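Asks: Build me a model from this:
(one chain, ligands or ions: 1)
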Amino acid sequence: MISVTNLCKQFGEVNAVNNLSFTIQPGDVVGFLGPNGAGKSTTMKMLTGFLAPTSGEVRILEHDLAESRQQILKHIGYLPEGAPAYGDMTVIQFLDFVANVRGLSGEHKKARLKAVVQKVELNEVLTQTIETLSKGFKRRVGLAQALLHEPDILILDEPTDGLDPNQKHQVRQLIQDLSKDKIVIISTHILEEVSAVCNRAMIIADGKLLFDATPAELQQRSRYHKAVTLHLADTNNIEPLTSIDGVADAEVDEHTGRVTLFAESGIELMPRVTEAIKAHQLKVDLLYQEQGRLDDVFRQMTAGEAA
Ligand SMILES: Nc1ncnc2c1ncn2[C@@H]1O[C@H](COP(=O)(O)OP(=O)(O)OP(=O)(O)O)[C@@H](O)[C@H]1O
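Replies: Sure, this is the predicted structure:
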């Protein structure tokens with residue numbers, strides 16, 4: 001378990017992390033979301049003991065991180081932001097080095113190296129120096145080193161940054177496969193990633209925790225939650241829709257021509273919309289109820305916070 005109490009980090013005048021408190025249990029896959037400069041990376045650095053807090057406490061697996069750092073770090077795999085690694089080492093030299101530092105040896109070391117190389121698909125670049133790798137491959141090397149010692153806690157700062165769509169999918173799959181009894185914390189700017197892999201979303205802005213719940217609960221906060229979107233063959237006449245009893249507002253997307261109808265509080269709009277379509281014999285080629293748009297909620301929540 002991770003338990004964070006009143007965690008603060010100041011850099012001069014900047015309150016990078018401002019009184020964060022939360023607990024995370026095994027099985028939790030937590031997504032840190034927030035605008036640039038919100039304090040996500042700084043929080044992750046403090047959770048890994050890489051950066052000392054200005055004040056507050058981090059307890060991991062029942063130990064105070066400040067007191068038992070070495071012991072706790074054995075249980076943590078950390079992928080920092082960017083692609084830090086020793087550039088003039090080859091991929092396999094670097095992974096072997098990390099394996100040694102992690103105390104792996106003999107057949108177990110060999111097996112772990114083989115497993116991570118296979119998992120993040122590094123075979124084709126094993127003998128290439130890290131500085132000559134593409135951004136995506138550097139990221140994969142970072143992931144491989146974080147996974148080598150099979151940690152209970154994985155802290156991954158933007159794990160899919162720079163990966164191609166296939167790799168993004170694969171890394172998300174990998175995180176999902178890992179998550180059964182582990183703690184995984186990822187930071188990301190990709191909102192869909194949170195829905196895809198996380199069971200918990202934390203929105204951080206200006207160093208403060210603004211939201212901590214499931215991605216579905218986050219979606220429910222969107223004004224698009226349960227709104228009805230449709231596309232008419234004749235996009236000019238939307239009056240039969242906007243005049244439906246219970247429609248509070250309507251929006252037309254200029255690019256797609258799609259119309260979104262927002263319900264008055266407590267009204268189920270879909271049955272009324274289908275009724276109106278029948279009654280007015282409207283030609284509709286698309287009709288669905290929205291789950292809620294994460295980017296909309298994110299903007300609402302973080303407006304006026306960190307830029
Ligand atoms: N070593 C440092 N010295 C001074 N200021 C710092 C340092 N590290 C971070 N900051 C500042 O702390 C704030 C939080 O930065 P942090 O990198 O944690 O944000 P973030 O949420 O990870 O942003 P991003 O999404 O852009 O990666 C920013 O204002 C940043 O400029």
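
Asks: rest of the way, CA atoms for contacts and neighbours
Replies: OK.

Asks: does residue 222 really touch residue 299, like I thought?
Replies: No: between residue 222 and residue 299 there is no contact under CA atoms under 8 Å: 10.0 Å.

Asks: And these two? Which one has more around it.
Replies: residue 222 (21 against 14; other CA atoms under 10 Å).

Asks: So for that one, what's the pLDDT?
Replies: pLDDT, residue 222: 91.

Asks: Just to be sure, it is in a strand?
Replies: No: in this structure, residue 222 is coil, not part of a strand, as judged by DSSP: H, G, I helix; E, B strand; the rest coil.

Asks: Apart from its neighbours in sequence, what residue is nearest residue 219?
Replies: residue 292 (4.6 Å; CA to CA, 6 or more residues apart in numbering).

Asks: Give me the three-state assignment for that neighbour.
Replies: Per three-state DSSP, residue 292 ends up coil.

Asks: quick one, what contacts it?
Replies: Taking CA atoms under 8 Å, 6 or more residues apart in numbering, we find residue 292 in contact with 219, 220, 221, 222, 223, 224, 225, 226, 227.

Asks: out of these, who's nearest residue 287?
Replies: residue 227 (10.8 Å; CA to CA).

Asks: Give me the neighbour count for the closest one.
Replies: Residue 227: 23 neighbours (other CA under 10 Å).

Asks: out of everything not next to it in sequence, what's closest to it?
Replies: Using CA to CA, 6+ apart, the closest residue to residue 227 is residue 262 (4.8 Å).

Asks: Let's verify the one you found: helix, strand, or coil?
Replies: Applying three-state DSSP: residue 262 is strand.

Asks: quick one: secondary structure of residue 248?
Replies: Applying three-state DSSP: residue 248 is strand.

Asks: Could you do residue 202 as well?
Replies: With three-state DSSP as the criterion, residue 202 reads strand.

Asks: Show me the beta-bridge partners of it.
Replies: residue 32, residue 212 (DSSP bridges).

Asks: Up against the ligand, what does this protein have?
Replies: 11, 16, 34, 35, 36, 37, 38, 39, 40, 41, 42 (CA under 6 Å from any ligand atom).

Asks: Cheers, nothing more for now.
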